[in-house]
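Undergrad: Build the 3D model from these lines:
(2 chains)
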Amino acid sequence: MPQPLVELCRVAKSFGGVQAVKEIDLTIDSGQIVGLVGENGAGKSTIIKLLSGVYPPDRGTIRIAGREVHFASPRDALAAGVTTIQQELTCFAHLSIAENLLMGEAWPRRKWGGVDWTALFAEAGRRLHEFGLSLETHRTLAELTAAEKQEIAIAGALARRARFVILDEPTASLTEPEVKRLFSHLRRLREQGVTILYVSHRLDEIFELSDRIVVLRDGSLVATHRIGQVDARQLVHDMVGRPLEQVYPRTRSGLPGAPLLELNEASRAGMFRNVNLAVHAGEIVGLAGLVGAGRSELARAIYGLYRLDAGAMKLCGRPWQPSHPQQSIRSGLVYVPEERKRQGLVLGHSLAESISIGFSDRLTRFGLIGRRSERRLVTDAIGRYDIRAADAGQAVATLSGGNQQKALLARWLEREPEVIILDEPTRGVDVGAKSQIHALVDSLAARGKGILFVSSDLGEILGMSDRILVMNRGTIETELRGPEMTAHNVILAASGLYQPADSTAPRQSREPEHGPP
Amino acid sequence: MSRIPFENVRVWRRMPKSVRRRIAFLVVADLAILGFIGWRTAGSGTSFADEASRMVPNVAPIVLAALGLTGIICCGAIDLSIGSILGLAGTVFGILHARGCPPWICFSACFLTAFSVSAYNGLLVRWLRMPAIIVTLAGLAFYRGVALILADVGARGFSEQFTIQGAAYHAPGKDYAGAILVAVLLVTFLWEWFGKTPRTWLAVGSSETACRLSGLRPERIVLQAFVVGGVFLGLAALLEVTNHITIEPARLGLGFELNVIAAVVLGGTSIFGGEGSYVGTALGGLFLYLIGPAMLYAGVNEYWRTAVQGGAILAVISIDCALGRKRKLLEELR
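TA: Residues are numbered from 1 along each chain as shown, chains lettered A, B, ... in the order given. All right, here's what the predicted structure looks like:
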């Protein structure tokens, strides 16, 4: 019987009234790889942050190797042998590998006090070698690939005698062979008695690697499975739970018209490859997939922010090779970005300015904006999109998330574009604004616009879309229509595990992706 | 594990590519300009050695102050008040001289003033927890004001400037500038080669979070950079002040910080911190200064020189950036 290394006892954490984690009891046995799965917002990242000392729990106790711990900072967690390998690695990009590994320790010195670089590089080389890596330790980290940086972070953790390693979505930026390498490292760590908490959205990886799988849903632990006693179907069932009964608007006819946007074998190195898709007039096409699957990159390439390496695009039947977003906007294609605060809005601007910036070129005469016509259009838009604000002069930053998003939509939709790409349009938006946005999107489709709807919210994408394209590792492998459009199928397809019920239907096999030569 | 047996080769390799490229460029550029000046002096019959000995007292203060600022910028901080600190140190020197203090007291007071004000800047940044650019921007005005008040209060019958008489008071700036510069450069390069401290500055500049996670204290390291910068600035002030016959508290060192920052940036140090080197800064300061005499010998119109100097800085940095971007693009496509 293995000893429990980490124990969470009735641990709870809430943020501003929202219960991120509700009284969880979790034990992790020593020398195991435990997979942690759950939908977005299930509380995975809160658990990681509680364990790595980023913030303390509101209630409950955390025990490590039987001793109760209270981490005041990530340093305390490190000292207790808990290392977290973040998705975004924190390292010294312009220092050498050796310095990165040994920073914070005493460095070998010569008799007269100077740093003994030979010994330093040798020591770092020894540590890497123990881990099975051989890299020139004087190279700077900036020259390495994401996978190599990650390996160095893990090797560094081991050298500090880490007993418990948490990995948060470690494979998001790795290629297939690199993933295999990472897995072999992790298995070897397990043999050495290190305990690993592996957090991932990718069910295939979870199945391949873990000894035990823990499922979170809405901040509660819903199931713990031993590997071999559970299949993907059961796991997805645990993750999704009962489907939420929510009504999505549907005033559109659902009969697609002429193709507005077509992609043929579109590829861009490192982002997406061989993408084929079509968006027709009057249709909402859902684009699902995991973070890092390349959805936003694809959307931005269509919009003209990145150039294609290969393949062709067509907009409204004409060949489409945008060189700049401005060209897209003029041609009737708009993209509403994922992070409205960073990419969408100028937060200090007034509501009126935020809206009119989208069509100010239509208002200008001799390079000056006609204030009166601007005010008229803006007031119109505020009424039509039901933006709740004190007046049009209010700063955008002070509006609620939902109203910010509506302002952003108003800005672009006032131009009457033909094709609209929405990237996570309801993230961080309250329920009321959410259903207003849904109704708006539906009415756009009813008016014959083509909509590409990118979303990580399962319920939303299932409810809104006429059909769903699922992206996995940079390409679209699966298209779900009609009765195939279920939460199970979307989750399975996002990990490349989907098998169509109709076995005669051709299915692209999941070829292991080989890194660029 | 390493395949390269020579330590010095690895010291070269552990610098980021951008810094290495800039150092290589500056070595070539500096040698080319020196060669050009040598050729013109030989042609016109003046001695190159004379020319060089006239250059050294002018170039030394900029290079020394730039070395100090390199450490500070590597941390991701900056000191904009360097010129005013210089003015303050010069004023203290002038007052003591006017009161008849012996040279060594004047020298040490000048050094200590510049050193302690620079270190105080570091303390302020640490205490106020504000960006160094704001703290030292306030210092830029404040220290100049203190210099004027001191001159008004401390020296009887003061009007606009101090006149420093007596060769002994000019010894460091005029006679020993070359020796001091060479000695400091040697020590600095050795420190860069074998020291750990400069590497921790780069670490703070790279990522404060990563520093905290590896158990370092970023605030303390930044303060350390300001204190070390103070030593360099003290020497720079000593050489600059003693190189002048007259000291005007309102004008001494005016705009000096901009030359110093230009030298650091020209030397390949990233203005956002995280990468940089002493060697690059020394070469960059030399290049910045050499453009002046080179234009003189090339016969560039006097009124054009400042513009050409600015253009040269922009050209070096933009060519470098363009090359870097192209390389990055190629790597991305690979």
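Undergrad: which residue packs closest to B:Glu219, ignoring adjacent ones?
TA: B:Arg126 (5.0 Å; Cβ to Cβ, 6 or more residues apart in numbering or on different chains). For the C-beta atoms, the positions are set from N, CA and C on the backbone; glycine is no exception.
Undergrad: Tell me which residues of the host helix or strand of the one you found come out buried.
TA: B:Arg126 belongs to helix B:103-128 when assigned by DSSP states H and E. Of the residues in helix B:103-128, B:103, B:106-107, B:109-111, B:113-122, B:124-126 count as buried by neighbour count, 16 or more other Cβ atoms under 10 Å in any protein chain shown.
Undergrad: Report pLDDT for the residue nearest to B:Glu219.
TA: On pLDDT, B:Arg126 comes in at 91.
Undergrad: one step back: and the helix holding B:Arg126, what does it pack onto?
TA: helix B:82-98, helix B:132-154, helix B:218-242 (3 or more Cβ pairs under 8 Å, 6 or more residues apart in numbering or on different chains; DSSP states H and E).
Undergrad: A:Ser253: which of these is closest?
TA: helix B:132-154 (59.4 Å; Cβ to Cβ).
Undergrad: tell me what the closest one is packed against?
TA: helix B:82-98, helix B:103-128.
Undergrad: Just give me the residue right at the centre of chain A.
TA: Among the residues of chain A, the one closest to the centroid is A:Val291, at 2.9 Å (Cα atoms, centre = their mean).
Undergrad: I figured it hits A:Val454, correct?
TA: No. Using Cβ atoms under 8 Å, A:Val291 is not in contact with A:Val454, being 11.4 Å away.
Undergrad: Okay, and the beta partners of B:Thr163?
TA: B:Thr246 (DSSP bridges).
Undergrad: Please report how far it lies from chain A.
TA: Going from B:Thr163 to chain A by Cβ to the nearest Cβ, to the nearest Å gives 45 Å.
Undergrad: Mind pulling up the pLDDT for that residue?
TA: 87.
Undergrad: pretty sure it is touching B:Ile245, no?
TA: Yes. Under the criterion of Cβ under 8 Å, B:Thr163 makes contact with B:Ile245 at 6.6 Å.
Undergrad: would you list every one of the strands in the stretch 301-450 of chain A?
TA: For the stretch 301-450 of chain A, the strands defined by DSSP state E, counting those that start in this stretch occupy A:310-315, A:318-319, A:333-336, A:364-365, A:368-369, A:419-423, A:450-454.
Undergrad: Mind telling me which of the ones you listed the model trusts least?
TA: Minimum mean pLDDT among those: strand A:364-365, a mean of 62.
Undergrad: Looking at the stretch 101-250 of chain B, which residue is nearest chain A?
TA: Here the stretch 101-250 of chain B gets closest to chain A at one residue, B:Phe194, 3.0 Å apart by Cβ to the nearest Cβ.
Undergrad: For that residue, which non-adjacent residue is spatially closest?
TA: Nearest to B:Phe194 is A:Gly114, by Cβ to Cβ, 6+ apart, at 3.0 Å.
Undergrad: Run a quick neighbour tally on that neighbour.
TA: 14 (other Cβ atoms under 10 Å in any protein chain shown).
Undergrad: what does B:Glu302 give?
TA: Neighbour number of B:Glu302 under other Cβ under 10 Å is 8.
Undergrad: Figure out the helix or strand that B:Ala183 lives in.
TA: Residue-wise, B:Ala183 maps onto helix B:177-194 under DSSP H and E.
Undergrad: So what touches that helix?
TA: A:110, A:113-115, A:117, B:11, B:53, B:56-57, B:59-60, B:63-64, B:67, B:172, B:197-198, B:232, B:235, B:239, B:243, B:277-279, B:282 (Cβ atoms under 8 Å, 6 or more residues apart in numbering or on different chains).
Undergrad: Sounds good, over and out.
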